[in-house]
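**Q** generate coordinates for the sequence data below:
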Amino acid sequence: MSKKRLQPLVESLSRSAKHFNRGEVECLIGLFDTLLGSSYSRFAAVGFDRGAFCDALHRDFGMTDSALTNRVFCTFDRDNDNCISVVEWVEGLSVFLRGTLEERIKYCFKVYDLNGDGYISREEIFQMLKNSLLKQPSEEDPDEGIKDLVDIALKKMDCDHDGKISFADFEEAVKKENLLLEAFGQCLPDLKSTMAFERRTFPERRKP
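**A** Residues are numbered from 1 along each chain as shown. So this is what the prediction gives:
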C-alpha cells in the first residue's frame, strides 16, 4: 500500500479501532497486505474472501468449528459484500482481541444469531451445540443429550421465558455469569492465542 494512501487510513482507523494505537494499526494493515498477498482470495484486490479469512482464524486462533467461523466472517463483514476489507479487518480485530465486555456481548450474540432475526432460537442453540460437541460412539441417540443441554441453556439464559434468547436476555445472563459469553461454541480467541498473535504482529510487544 502506498504511503499516500496508508497515512489517512492509519489516522482514520486509529480513531475507529479504539483498542489499538497508531503503531498497532500500521502493523495490522501490514499483516493484512501480507496475508492477502499469499492468499488465493477471489477478492484479492480488496480483501479476504470467506475461505481465506476462516483459514486465518484456524491457523492463528485454533478455531475449527466451520459453522461458527463462517458466522465470525459474517460479523466482521459489516457491509455484507462477502469480503473482509482492511477497515473491517482492523475494526473487527479491535473487538475480537481486546473488546470490552459490552462489545464482546454484542459480538457473540451476533455470531450466535445464525439467521440474523435478533434472537437465538432453540433450533439455533441445538445446531451450534451439535456442531461443537464431540459425539460419543457409545451413545444411542446423542441428539437427546444435546436437547437436554438446550433446555438447560434456555432455563439459564431465557430471562423473559418466551422460548428464545433475545439480546437483552443474553446480556443479562452474561453479566451475571461471564462464562456464558461463549456458551454455544468458541467465537473469541483464548488468551494464549491472543498473546501469541500480538507478539508476532506487534514488534514492540516482543521487546523485553
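
**Q** checking Ala168 next. Helix, strand or coil?
**A** Look at Ala168: counting by DSSP: H, G, I helix; E, B strand; the rest coil, its state is helix.

**Q** spatially nearest residue to it (excluding sequence neighbours)?
**A** Distance criterion C-beta to C-beta, 6 or more residues apart in numbering; nearest residue to Ala168, sequence neighbours excluded, is Cys159 at 7.3 Å. Backbone N, C-alpha and C define where each C-beta goes, glycine included.

**Q** distance of that neighbour from Ile105?
**A** The gap separating Cys159 from Ile105 is 14 Å, by C-beta to C-beta, to the nearest Å.

**Q** do the same with Leu97
**A** Distance of Leu97 to Ile105, computed by C-beta to C-beta: 16 Å.

**Q** likewise for Glu171?
**A** For Glu171, the distance to Ile105 - C-beta to C-beta - is 5 Å.

**Q** how about Val174?
**A** Taking C-beta to C-beta, one finds Val174 at 5 Å from Ile105.

**Q** who touches both of the two?
**A** The contact sets of Val174 and Ile105 overlap at Leu181 (C-beta atoms under 8 Å, 6 or more residues apart in numbering).

**Q** hang on, the earlier thing: so between Glu171 and Ile105, which is more surrounded?
**A** Ranked by neighbour count (other C-beta atoms under 10 Å), Glu171 and Ile105 place Ile105 first, with 21 against 16.

**Q** so that one touches Asp169, yeah?
**A** No: look at Ile105 against Asp169 with C-beta atoms under 8 Å: they stay out of range, at 11.2 Å.

**Q** domain parsing for the protein?
**A** As given by automatic domain parsing, the domain ranges for the chain are 3-99+189-206, 102-182.

**Q** now render those as TSV, adding mean pLDDT.
**A** Formatted as TSV, the domains of the chain follow (pLDDT from 0 to 100):
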stretch	mean pLDDT
domain 3-99+189-206	90
domain 102-182	90
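
**Q** list of residues touching the host helix or strand of Cys27?
**A** Assigned by DSSP states H and E, Cys27 belongs to helix 22-37. By C-beta under 8 Å, 6+ apart, the surrounding residues in contact with helix 22-37 are 1, 6, 9-10, 13-14, 17, 20, 44, 47-48, 52, 56, 86, 89-90, 93, 201-204.

**Q** what about these, which are in helices?
**A** Using DSSP state H, 6, 9-10, 13-14, 52, 56, 86, 89-90, 93, 201 are the members of the contacts of helix 22-37 that sit in helices.

**Q** neighbours of Lys155, just the number please.
**A** Using other C-beta under 10 Å, Lys155 is surrounded by 9 other residues.

**Q** ok, Gly188 - contacts?
**A** One thing to correct before we go on: residue 188 is Leu, not Gly. For Leu188, the contact set (C-beta under 8 Å, 6+ apart) comprises 96, 104, 107-108, 181-182.

**Q** would TSV of those residues with neighbour count be doable?
**A** Shown next, in TSV, are those (neighbours: other C-beta atoms under 10 Å):
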residue	neighbour count
Phe96	23
Arg104	19
Tyr107	20
Cys108	25
Leu181	19
Glu182	18
